[in-house]
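Colleague: requesting a structural model of the entry that follows:
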Amino acid sequence: MNDDTPRTPAEALTLALTLAITALTDEQAQACLEMADTLAAQLTPQQVEACKAASQIAASGVWE
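Modeller: Got it, this is the predicted structure:
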């Protein structure tokens with residue numbers, strides 16, 4: 001079984017940002033960004049930046 005459930009706030013933020021980038025509707029993207037804001041408050045600015053970079057890389061693979 002493949003369990004992709006985020007285990008840390010950083011993993012959850014990366015996933016939320018990736019979903020926001022790849023969302024099919026503005027409403028879905030907004031919901032993901034609201035979750036991301038909540039998660040980002042638990043992390044350092046450096047961790048948030050790392051999550052942003054990781055989500056961009058992850059999202060780029062979705063459309064290829």
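Colleague: remind me, longest helix of this protein?
Modeller: helix 45-62 (DSSP state H).
Colleague: name the helices or strands packed onto that helix?
Modeller: Secondary-structure packing of helix 45-62 (3 or more Cβ pairs under 8 Å, 6 or more residues apart in numbering; DSSP states H and E): helix 9-22. Quick note: C-beta positions are derived from backbone N, CA and C, even for glycine.
Colleague: could you give the mean pLDDT of the helix it packs on?
Modeller: Mean pLDDT, helix 9-22: 97.
Colleague: contacts for that helix, please.
Modeller: By Cβ atoms under 8 Å, 6 or more residues apart in numbering, the surrounding residues in contact with helix 9-22 are 6, 28-29, 32-33, 35-36, 39-40, 42-43, 47-48, 50-52, 54-56, 58-59, 62-63.
Colleague: just the buried residues out of those residues, in ChimeraX syntax.
Modeller: Buried subset of those, written as a ChimeraX selection, criterion 16 or more other Cβ atoms under 10 Å:
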select :32,33,35,36,39,40,43,47,48,51,52,54,55,58
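Colleague: any weak-confidence spans in this structure?
Modeller: By pLDDT under 70, the low-scoring segments of the chain are 1-2, 63-64.
Colleague: ok, 50 please
Modeller: For the chain, the stretches with pLDDT under 50 are 1.
Colleague: hang on, the earlier thing: contacts for the longest helix of the chain, please.
Modeller: A10, L13, T14, L15, L17, T18, A20, I21, T22, A40, L43.
Colleague: the same query, at a cut-off of 6 Å, please.
Modeller: Applying Cβ atoms under 6 Å, 6 or more residues apart in numbering, the contact partners of helix 45-62 are A10, L13, T14, L17, T18, I21, T22, A40.
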